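Student: kindly generate the corresponding structure for this input.
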Amino acid sequence: AVVSTQSGHYGREEKQKIRSFYEKKEKNAELQKKIQLSNLQNQARLKLLKQREDHLDEVVVNTTEKLRSMTSDIGKYQNMLQGLITQGLCQLLEPNVLIQCRQKDLQLVKEVLDKALKRYTELSKLDVVIKVDEKTFLASDIAGGVQLSARDGKLLVTNTLEARLDQIVKQKIPEVRTMLYGNNPNRRFFD
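Tutor: Modelled structure (predicted):
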């Protein structure tokens with residue numbers, strides 16, 4: 001009777017070991033399945049984010065091209081240059097300023113300079129001596145705009161159309177994303 005009890009005990013222990021072995025295997029299989037599903041979801045999420053980012057980049061490229069075409073309308077572009085110069089002067093508030101532009105914009109900048117200077121004086125009640133750089137020009141492949149400097153280049157305001165677009169994109173990209181893709185349910189901060 002002692003032998004049969006021992007063998008029954010060993011049989012139960014073996015059954016328990018086998019059961020726990022297969023339970024562990026089952027749990028590991030479930031865990032691997034969850035990990036695999038999570039990896040697939042993350043890959044899909046990253047792919048979607050990449051597509052959205054590519055789309056936003058395309059919107060920026062298209063906007064840059066539209067800016068380039070705006071410079072062909074001389075009247076609008078002159079007004080824009082005048083505003084960019086006036087704004088740059090207001091940002092610097094310096095008595096001596098050097099303006100750089102694209103070589104093909106040199107004549108336009110000279111034409112709008114008096115209006116920009118007058119507007120700046122009205123706004124700031126300050127006088128300024130402006131010199132247009134006729135030797136060093138901005139790159140010809142930019143869309144347009146000006147760069148103003150003072151104190152031998154130590155103070156610099158880049159008011160090119162690309163610089164302005166970059167500034168706007170940084171400020172407005174959350175709004176553009178919402179317009180294109182709707183509200184992000186995971187977004188927690190709206191500053």
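
Student: all strands of the chain, in order?
Tutor: 96-101, 129-132, 145-150, 155-160 (DSSP state E).

Student: scan this protein for its longest helix.
Tutor: helix 2-70 (DSSP state H).

Student: distance from that helix to the middle of the chain?
Tutor: A distance of 32 Å separates the centroid of the chain from that of helix 2-70, by CA atoms, centre = their mean, to the nearest Å.

Student: give the other helices and strands that that helix contacts.
Tutor: helix 74-92, helix 161-181 (3 or more CB pairs under 8 Å, 6 or more residues apart in numbering; DSSP states H and E). (Each C-beta comes from the backbone N, C-alpha and C, glycine too.)

Student: report pLDDT for residue 141.
Tutor: Note for residue 141: predicted pLDDT of 91.

Student: what of residue 8?
Tutor: 63.

Student: just give me the neighbour total for residue 111.
Tutor: By the measure other CB atoms under 10 Å, the count of residues near residue 111 is 13.

Student: what does residue 34 give?
Tutor: Counted with other CB under 10 Å, residues neighbouring residue 34 total 10.

Student: over to residue 55?
Tutor: For residue 55, the count of nearby residues is 12 (other CB under 10 Å).

Student: likewise residue 186?
Tutor: Applying other CB under 10 Å, I find that residue 186 has 5 neighbouring residues.

Student: and it, backbone torsions?
Tutor: The phi and psi values for residue 186, taken as degrees, to the nearest 10, are phi -90, psi -10.

Student: pLDDT weak spots in the protein?
Tutor: Residue ranges of the chain with pLDDT under 70: 1-10, 189-191.

Student: okay, which residue is most central for it?
Tutor: Relative to the mean C-alpha position of the chain, the nearest C-alpha, by CA atoms, centre = their mean, is the one of residue 170, at 4.8 Å.

Student: let me see the contact set for that one.
Tutor: Contacts for residue 170 (CB atoms under 8 Å, 6 or more residues apart in numbering) come out as none.

Student: do the same with residue 33
Tutor: If you count contacts by CB under 8 Å, 6+ apart, residue 33 has none.

Student: distance of it relative to residue 63?
Tutor: From residue 33 across to residue 63, the span is 45 Å (CB to CB, to the nearest Å).

Student: same question, residue 137
Tutor: 24 Å.

Student: what do you get for residue 92?
Tutor: Taking CB to CB, one finds residue 92 at 27 Å from residue 63.

Student: more neighbours, the two?
Tutor: Using other CB under 10 Å, the more surrounded residue of residue 92 and residue 63 is residue 92, with 19 against 15.
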